[in-house]
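> mind folding the following:
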Amino acid sequence: MLNMTKKQKKHLRELASRCYEIEMSEALDELNQDFKKWKNGEITVWDLDEKIHQHHDGVARDLYKFYEMSRNSKNAVACGVSNGIIKMEDIQKDCHPLLEQLIECYDETKNGSTTI
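You can find the predicted model right below:
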């Protein structure tokens, strides 16, 4: 297992925070569409209220658990790369060895090629 320098830790925390912000923004964009539907009379206020609760109890909670409660920036960044949220070019070269194996694991899991 490779030890991280303070600079690497800071860089990965910043990238993890960026991933969190991007994913939350995407989730809020979906919720914003529901607000537009409500304003246009396509759904009721109660439908919108339910969408808000689903957002809060679903994706927002899941993202919070993953990014804030786990506090594992290496996993967050590796998952972000695997899911196309950020690119390897966004990551400092000296952090690549810290992430390559994790990214590979996320890729394999995503593609269903892992065996237990």
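
> which SS class is A16?
Here A16 takes the helix state, with states given by DSSP: H, G, I helix; E, B strand; the rest coil.

> show me the shaky parts of this protein.
1-2, 113-116 (pLDDT under 70).

> can you show me the helices along it?
Secondary structure of the chain (DSSP state H): helices at 6-39, 45-55, 61-64, 73-82, 96-110.

> would JSON lines of those with distance to D90 and mean neighbour count be doable?
From N, CA and C alone the C-beta is placed, and that goes for glycine too. What follows is those, written out as JSON lines (distance: least, Cβ to Cβ, whole Å; neighbours: other Cβ atoms under 10 Å):
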{"stretch": "helix 6-39", "distance to D90": "7", "mean neighbour count": "15"}
{"stretch": "helix 45-55", "distance to D90": "27", "mean neighbour count": "13"}
{"stretch": "helix 61-64", "distance to D90": "19", "mean neighbour count": "14"}
{"stretch": "helix 73-82", "distance to D90": "8", "mean neighbour count": "23"}
{"stretch": "helix 96-110", "distance to D90": "11", "mean neighbour count": "15"}
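
> how about JSON lines for those helices, with distance to M88 added?
JSON lines is the format used below for the helices of the chain (distance: least, Cβ to Cβ, whole Å):
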{"stretch": "helix 6-39", "distance to M88": "11"}
{"stretch": "helix 45-55", "distance to M88": "31"}
{"stretch": "helix 61-64", "distance to M88": "22"}
{"stretch": "helix 73-82", "distance to M88": "6"}
{"stretch": "helix 96-110", "distance to M88": "7"}
